[in-house]
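Student: Below are the sequence and a predicted model for it; my questions follow.
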Amino acid sequence: MKFHAALFDFDGTLTPSLPLWVRAYQIALQTFGIEASDDEVLRHCFFRDCADVAVIYGSFTGPELEVQLDIGLQAAFLQAELFPLARDVVAHCRDHGLHTALVTSSPRGLVIGVLQRLGILESFDFVICGGDVSNYKPHPEPVTTALAALKCEPARAMMIGDSHVDILAGKAAGTRTALYLPDDHRRFHNVERLHATGPDHIFADHDELPALLQLPELIR
């Protein structure tokens, strides 16, 4: 079946930003007098709501952490860059007639600023960010909202991401799914949980994506 749309996650999929999230949490926790190592942040903060993190530490509230985390993200993401082939892959999709969307739970103010700075915002037909919907991934709402905006049937779209929530959201919405899993992501993710989501494809390099999307090979 010919694909009509490619839906991309942002963090860890188009930009190697997972270390930046670690740094943002460290900046936020420092405001509460907590010096957290990378491993501690990964154990206590990653893939958790701020309210849950607040319960673990007991020295601040979820809303207080949200405020400081946003400040930390704005500082850390000044260093955000794209993966080497990310720009080319998104452009390749557009050049061959696919609609493109960015489907992320990261804050809109943060994401749009980074996309503009990196000169890739105009490569997307639609962008949906945290706060634009009532339910975040793994709920299908962000994906179904993007599909509606692109006027694309779920079966003709591929949800591409690096996290279990990306794959679960895509599957719940009825799209095909592709999990980005390079070796250096293994310290950020529970690999068994990733495989348990049952992605249709797993890839380790962006130059593999055109074939998964039934497009011609990407010419570097």
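Tutor: Great, that's in hand.
Student: can we go C-alpha only for contacts and neighbour counts from here?
Tutor: Noted.
Student: In this protein, where's the longest strand?
Tutor: What stands out as the longest strand in the chain, according to DSSP state E, is strand 99-107.
Student: Next secondary structure after it?
Tutor: Using DSSP states H and E, the helix or strand that follows strand 99-107 in sequence is helix 108-118.
Student: circling back to that earlier point, could I get the buried residue list for the longest strand of the chain?
Tutor: By neighbour count, with 16 or more other Cα atoms under 10 Å as the criterion, the buried positions of strand 99-107 are 99, 100, 101, 102, 103, 104, 105, 106.
Student: Quickly name whichever of those residues is closest to residue 39.
Tutor: Nearest to residue 39 among those is residue 106, at 21.7 Å by Cα to Cα.
Student: Grab the nearest non-local neighbour of that closest one.
Tutor: Distances taken as Cα to Cα, 6 or more residues apart in numbering place residue 130 nearest to residue 106, at 5.0 Å, with adjacent residues excluded.
Student: and what of residue 128?
Tutor: Sequence neighbours aside, residue 103 is the residue nearest to residue 128 in space, at 5.1 Å (criterion: Cα to Cα, 6+ apart).
Student: Hmm, the residue nearest to residue 106 is touching residue 136, no?
Tutor: Yes: with contact defined as Cα atoms under 8 Å, residue 130 reaches residue 136; the gap is 7.0 Å.
Student: so what sits against both of those two?
Tutor: Both residue 130 and residue 136 are in contact with residue 105, where contact means Cα atoms under 8 Å, 6 or more residues apart in numbering.
Student: tell me the domain ranges of the chain?
Tutor: With domains defined by automatic domain parsing, the chain comprises 5-16+82-212, 18-79.
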